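Model the following, please.
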Amino acid sequence: MKLNNKKVTKLEGDASERKYYRSKNSIIIFSKKNKKKNLLIYDAINRILNSSGINAPKLLKNNYKKNFIEVNDLGNTTLLKLLKNRKNKKKIFMGVLDLLSKVQEIDKFYSKDFTGRKYKMVRYTKDKLLREAYLFNEWYLPRKLRKKKLNKFKKKFKKIFLRLSKAIKLPDDVFVHRDFHVSNIMLKQKKFHLIDSQDAVIGNPAYDLASLIDDVRFKTSNNLKKDMFNSFLKKYLNRDFKKFENDFLILSVLRNFKILGIFSRLAKRDNKNRYLKYIPYTWNLIKLRAKDGKVFDDLRLILKNKTII
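Numbering: from 1, shown residues only. Predicted coordinates:
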């Protein structure tokens, strides 16, 4: 196949609507016309990362009028592939925690995109966090419940999500990738590179750690989860432990409810049924994090209803 006079190979896409192609030395990223503004944000965020010492894709060419850009090729070795082929997973994850600590040290939250326009990162507000959690109500619950029960449970979960969001204690003051998981971290020339960063925001310091430790795409033991959590706090974090742990638990739960909604939408709307295989483990992670604490009382009660899970 030829694209822009280059021989290219189509790559398997992610959970977005973007399309990816590999040429000899680059990756070509296509966006839908009505969402091509995301290409500008993608470039601006990558510039913030690269200028802060975090390896990220670099722009080679842009054809904004035709809805695509070209970036350098970081290869095929995702963190997911690396972990599957190595025994010492803890050592690898410790290196990723080092990457995350450097990401959270970023103090520049603005850049210029390839058109020369200034882009300033937005904050991960409670309203936005809630809108994402409500994807569970919109896409997952209708798969499980009939209309009579559906509205009842939508109201219950909305109340639970609102309560959880109000219980978050730490300020939104660090660079948050928002999809800091095993498929968005690449290894090239023995260095980690961060990809798919266009949704990055200024947010809670516990969010990306929850994304990594409670990643639905790669199962880890509870002991490894504890080791990662404790190592990050001990080595890198200068925060109140109780507040951080509180936010970590809440954000993990809210994020995974969002994921249940997104994966259900991908299956229903986009016929991407491969994401449904992650749903049972996603529920296990929610139950793991909600097993203790008064803030989760209502959630534990509702999770006893097996028609939902």
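
ok, for N50, nearest residue in space, not its chain neighbours?
Counting by Cβ to Cβ, 6 or more residues apart in numbering, A56 is the residue found nearest to N50 once chain neighbours are left out, at 5.3 Å. C-beta coordinates here come from the backbone N, C-alpha and C atoms, glycine included.

Check which residues of the lengthiest helix in the chain are buried.
In terms of residue count, the longest helix belonging to the chain (DSSP state H) is helix 241-270. By 16 or more other Cβ atoms under 10 Å, the buried positions in helix 241-270 come out as 244-267.

now it, how far from the chain's geometric center?
With Cα atoms, centre = their mean, to the nearest Å as the basis, helix 241-270 stands 9 Å off its chain's centre.

just use 785 as the starting number from now, easier for me
Let's use 785 as the start, then, which means that last one is helix 1025-1054.

Would you state the strands of the stretch 785-934 of the chain in chain order?
In the stretch 785-934 of the chain, the segments counted as strands under DSSP state E, counting those that start in this stretch are 786-787, 790-791, 793-795, 803-806, 810-814, 843-847, 852-856, 894-896, 902-904.

looking at those, which is closest to K933?
strand 803-806 (38.6 Å; Cβ to Cβ).

Partner strands of that closest one and their direction?
strand 793-795 (antiparallel), strand 810-814 (antiparallel) (DSSP bridges).

State the mean pLDDT of the shortest one.
Averaging the model's pLDDT scores along strand 793-795 yields 89.

Who are the contact partners of L1038?
Applying Cβ atoms under 8 Å, 6 or more residues apart in numbering, one finds that L1038 lies in contact with L913, E916, A917, F945, L948, S949.

quick one: the closest residue to R962 other than its chain neighbours and H961, what's the gap?
Closest residue in space to R962, ignoring its immediate chain neighbours: D983 at 4.6 Å, by Cβ to Cβ, 6+ apart. Distance of D983 to H961, given as Cβ to Cβ, to the nearest Å: 8 Å.

of the two, who's got more company?
Higher neighbour count among D983 and H961: H961, with 27 against 15, using other Cβ atoms under 10 Å.

In contact with the more buried one, which residues?
Applying Cβ under 8 Å, 6+ apart to H961 gives the contacts V887, N968, L978, S981, D983, A984, D992, S995.

Just the contacts of L1038: which are in helices?
Members of these lying in helices (criterion: DSSP H): L913, E916, A917, F945, L948, S949.

Widest-spaced pair of those?
Spatially, the most separated pair among those is E916 and L948, at 12.4 Å (Cβ to Cβ).

Same drill for the two, tell me which one is more crowded.
Comparing E916 with L948 by other Cβ under 10 Å, the one with more neighbours is L948, at 23 against 19.

who's in contact with that one?
For L948, the contacting residues are I1034, V1037, L1038, V1079, F1080, L1083, by Cβ under 8 Å, 6+ apart.

separation between it and L1017?
Relative to L1017, L948 is positioned 21 Å away (Cβ to Cβ).

Show the buried residues in the contacts of H961.
Buried, going by 16+ other Cβ under 10 Å: V887, N968, L978, S981, A984, D992, S995, out of the contacts of H961.

in this structure, which helix or strand is least confident?
When the helices and strands of the chain are scored by mean pLDDT, DSSP states H and E, strand 786-787 comes last with a mean of 61.

picking up where we left off before, redo the strands of the stretch 785-934 of the chain as CSV? Include mean neighbour count and distance to I1070.
Shown next, in CSV, are those (neighbours: other Cβ atoms under 10 Å; distance: least, Cβ to Cβ, whole Å):
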stretch, mean neighbour count, distance to I1070
strand 786-787, 11, 42
strand 790-791, 13, 44
strand 793-795, 12, 31
strand 803-806, 17, 31
strand 810-814, 21, 32
strand 843-847, 15, 38
strand 852-856, 20, 35
strand 894-896, 15, 35
strand 902-904, 12, 34
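
can you put those strands in TSV and add distance to L867?
Output for the strands of the stretch 785-934 of the chain, formatted as TSV (distance: least, Cβ to Cβ, whole Å):
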stretch	distance to L867
strand 786-787	32
strand 790-791	32
strand 793-795	21
strand 803-806	22
strand 810-814	22
strand 843-847	29
strand 852-856	24
strand 894-896	31
strand 902-904	33
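
okay but S1048 is in contact with K928, surely?
No. Assessed by Cβ atoms under 8 Å, S1048 is found out of contact with K928, at 9.4 Å.
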